[in-house]
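Participant: Give me a 3D structure for the following:
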Amino acid sequence: MTIKMIETLVYYSPTRKRQYFSKRGAIKAEANARIYKKYPKEEQEYHEGNLSYPGYDIACERPVFYSRAIRYLSYLLRKQ
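Facilitator: Modelled structure (predicted):
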């Protein structure tokens, strides 16, 4: 059994800087990365052991907006 080099088609997400085997996966990752670039995730904050700030995640706080943004960005990226 020998190791062979093969060439295959992969899709690249420039914002995520990763390669994906499927176009759909690359588009979804790119759209997700662009949304989180504009609306970054904020970590929870604790003060003396008590939760003082619960954090922020666009997917949890505004799920309707997040799903619409993913769908719209995916549409725009597919058109390119």
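Participant: And the closest residue to Glu45 other than its chain neighbours, how close does it get to Glu61?
Facilitator: Among residues not flanking Glu45 along the chain, Tyr53 sits closest, at 3.9 Å (Cβ to Cβ, 6 or more residues apart in numbering). For the C-beta atoms, the positions are set from N, CA and C on the backbone; glycine is no exception. Going from Tyr53 to Glu61 by Cβ to Cβ, to the nearest Å gives 13 Å.
Participant: The residue most central in space within the chain sits in which helix or strand?
Facilitator: The residue lying closest to the centre of the chain (Cα atoms, centre = their mean) is Asn32, at 2.7 Å. Secondary structure from DSSP states H and E places Asn32 in helix 23-38.
Participant: Could you name the helices and strands sitting against the next helix or strand after that helix?
Facilitator: Moving toward the C-terminus from helix 23-38, the next helix or strand (DSSP H and E) is strand 45-47. For strand 45-47, the elements it packs on are strand 50-53, judged by 3 or more Cβ pairs under 8 Å, 6 or more residues apart in numbering; DSSP states H and E.
Participant: Quick one: mean pLDDT for the strand it packs on?
Facilitator: Averaged across strand 50-53, pLDDT comes to 89.
Participant: Report the buried residues of the helix or strand just after that strand.
Facilitator: Sequence-wise, the next helix or strand downstream of strand 50-53 (DSSP H and E) is helix 58-61. Applying a neighbour-count criterion of 16 or more other Cβ atoms under 10 Å, one finds 58-59 buried in helix 58-61.
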